[in-house]
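> Make a model of this:
(one chain, ligands or ions: 1)
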Amino acid sequence: MNPSSGKEKAEEIRKSAEAAIAGAGYSVTTRLTEKAGDAERFAREGTRDGADLVIAAGGDGTVNEAVNGIAGLPERPLFALLPLGTVNDFARALGIPLDVGEAIQALPDLVPKPADIGMAAGRYFMNIIAIGALAEGVAGVPVEQKSAFGPLAYIAHGAKALFSAEGNELQLWHDHGSWSGEASLLLLALTNSTGGFERMNPEAETDDGLLHVTVIKNTKLPNLVRMSAALLLGKLQEAGAVETFRTKRLRVESDRPLVCNIDGDECGVTPLEVSVLPGHLRVLVPAEEGGGGEPDERIPNA
Ligand SMILES: Nc1ncnc2c1ncn2[C@@H]1O[C@H](COP(=O)(O)OP(=O)(O)OP(=O)(O)O)[C@@H](O)[C@H]1O
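Predicted coordinates:
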């Protein structure tokens, strides 16, 4: 658990989450993160100590770290998350209640579902890779704006970066061939939720085994107006100036090294190789989100 995401309610959240998990028959150990890297280490150590279930409580950064802690292990425990961050894209995509109190209440009735994760630059990711202007824009969101305005701050900064974007020559190799051309932004999404906005790839499922690629070719003003309208309608694919396709593997090359933002963190520069690991995690989700599996995998009977 990242206590800084839960702010002044962190202690209260910890206690009620522990009570819910213990009530479902688990013995529970909570470890509080203090800095980058802790969640990854805690998840890995917990798994090596025989944990059946690892729960990441925090924002997408904490979830990403915990996923990295367990994804490379041969025996992976069940995974769950309690959304305490500003955006919580993975929780949104999985249908987990965004209100932490509701998410805790729901814990005992969650059921396991396979979820895809991706691998790029030696790291696992579960949401999105952004390359180009938006990647640089998101990196510049000041901390105080993040807390005051939540997802809006990201969108405002992303939009600002997009408006002033210069294009870059990209070459993309995918499962069915290649694409090359000038682009302002490349988004490689595993889920339908990007920066809290759920209409980017409305058709993306967390277990479809696919990377949903969106190339924004040109962000000059007339196109932007059309694209913004299409984005709000969830019909970005139908707007001009945007290329979309799906693939299991992708190689990205560019005319100059471009910063790669992987699940919200800067993670090297292009060229970049990306692949999907289908159903690599078993994540606990509400039953109506299509979870299932063996009855003894349900938390109450664990
Ligand atoms: N106790 C702590 N105090 C401050 N920072 C921490 C602490 N523990 C972990 N961190 C760092 O904070 C990063 C971001 O945390 P996390 O994603 O959980 O929260 P958030 O920033 O509130 O969420 P969001 O990304 O949705 O805004 C972590 O990846 C880690 O590097």
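> Can you give me the pLDDT of the residue of the chain found nearest the ligand?
Closest contact between the chain and the ligand, by C-beta to the nearest ligand atom, is at residue 59 (2.0 Å). Bear in mind the C-beta positions are built from the backbone N, C-alpha and C, glycine included. The confidence metric pLDDT takes the value 93 at residue 59.
> what's the pLDDT at the closest residue to it other than its chain neighbours?
With C-beta to C-beta, 6 or more residues apart in numbering as the measure, residue 85 is the residue that lies nearest to residue 59, at 2.0 Å, once sequence neighbours are left out. As predicted, residue 85 sits at a pLDDT of 89.
> and if you look at residue 157?
The score at residue 157 is 63. That number is its pLDDT.
> next one: residue 263
Per-residue pLDDT puts residue 263 at 88.
> can you tell me which residues contact it?
Neighbouring residues of residue 263 by C-beta atoms under 8 Å, 6 or more residues apart in numbering: 60, 61, 64, 125, 126, 127, 128, 129.
> Give me the subset of those lying in helices.
Among those, the ones falling in helices (DSSP state H) are 60, 61, 64.
> Could you report the separation of the second one from residue 2?
Between residue 61 and residue 2 the distance, using C-beta to C-beta, to the nearest Å, works out to 8 Å.
> okay, these two: which has more neighbours?
Using other C-beta atoms under 10 Å as the criterion, residue 61 and residue 2 rank with residue 2 on top: 23 against 20.
> Excluding covalently adjacent residues, which one is nearest to that one?
Closest residue to residue 2 in three dimensions, ignoring its sequence neighbours and counting by C-beta to C-beta, 6+ apart: residue 58, at 3.4 Å.
> The residue of the chain closest to the ligand: neighbouring residues, count only.
When neighbours are counted by other C-beta under 10 Å, residue 59 registers 24.
> isn't it right next to residue 2, touching?
Yes: using C-beta atoms under 8 Å, residue 59 makes contact with residue 2 at a distance of 6.9 Å.
> how about the residues of the stretch 51-200 of the chain near the ligand?
Within the stretch 51-200 of the chain, the positions near the ligand by C-beta under 6 Å from any ligand atom are 58, 59, 60, 61, 62, 65, 85, 86, 87, 146.
> Please name the bridge partners of the first one.
To tie it back to what came earlier, the one meant is residue 58. When bridges are taken as DSSP bridges, the partners of residue 58 come out as residue 83.
> what helix or strand does residue 85 sit in?
Remark: residue 85 resides in no helix or strand, with elements defined by DSSP states H and E.
> re earlier: of the residues of the stretch 51-200 of the chain next to the ligand, which pair is most distant in space?
Taking every pair in these and measuring C-beta to C-beta, the maximum separation is 17.9 Å, between 65 and 146.
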